[in-house]
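In: fold the stuff below for me.
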Amino acid sequence: MEEIQAYKCSRCGHIHSREIDALNCEYTHAREYLANGLLNEGHTLDHINYKCGFHWNLKEEQKQITKDNCFIISHWQCCEKPAYKIVRIDESGNLELWGKGGWDGGYGSKMRIDNLPKAYPKEDLFVYS
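Out: Predicted coordinates:
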């Protein structure tokens, strides 16, 4: 019989064989939590990137995007109006967008920051009724 030492992430409970891996796991959870807190408070993607260290290569027009902006994602919807908003950021820095852009109800999915289309102001948000 051999005794082993393990480290458990306090956020998700995952067991790691090395302390550094458990610390990294906890950091990843904390970064996601911070990113979504900042997003929900209305901070810009540029500020979130800076605070959370996602290393996004933001285009100039993406730097001022917030949760209030909306987007046209034509292959998700039945119209050509901005119907989707950023609702969440995952631990890897992927954005989750959601909206109701068609007759089939709401839809959402994850998207990498470099695939994010042009942003529109919140006043342009379309919701299919």
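In: low-confidence ranges in this structure?
Out: By pLDDT under 70, the chain contains no weakly predicted segment.
In: can you check which helix is longest in it?
Out: helix 19-40 (DSSP state H).
In: in it, which residues are buried?
Out: Within helix 19-40, the residues that count as buried by 16 or more other CB atoms under 10 Å are 22, 25-26, 28-29, 31-32, 35-36, 38-39. All C-beta spots, glycine's among them, are computed from the backbone N, C-alpha and C.
In: same question, stretch 121-129
Out: By neighbour count with 16+ other CB under 10 Å, stretch 121-129 contains the buried residues 125-126, 128.
In: now that stretch, how far from the chain's geometric center?
Out: In terms of CA atoms, centre = their mean, to the nearest Å, the centre of stretch 121-129 is found 20 Å from the chain centre.
In: picking that back up, what's the most distant pair in the buried residues of helix 19-40?
Out: 22 and 39 (26.3 Å; CB to CB).
In: so how far does stretch 82-98 reach from one end to the other?
Out: Using CA to CA, to the nearest Å, the end-to-end distance of stretch 82-98 comes to 11 Å.
In: for that stretch, the distance to its chain's centre please.
Out: Put simply, stretch 82-98 sits 4 Å off its chain's centre (CA atoms, centre = their mean).
In: buried sites along that stretch?
Out: Quick answer for stretch 82-98 (16+ other CB under 10 Å): 82-86, 88-89, 91, 93, 95, 97-98.
In: what's the closest of those residues to residue 108?
Out: Taking the buried residues of stretch 82-98 together and measuring to residue 108 by CB to CB, the closest member is residue 98, at 3.2 Å.
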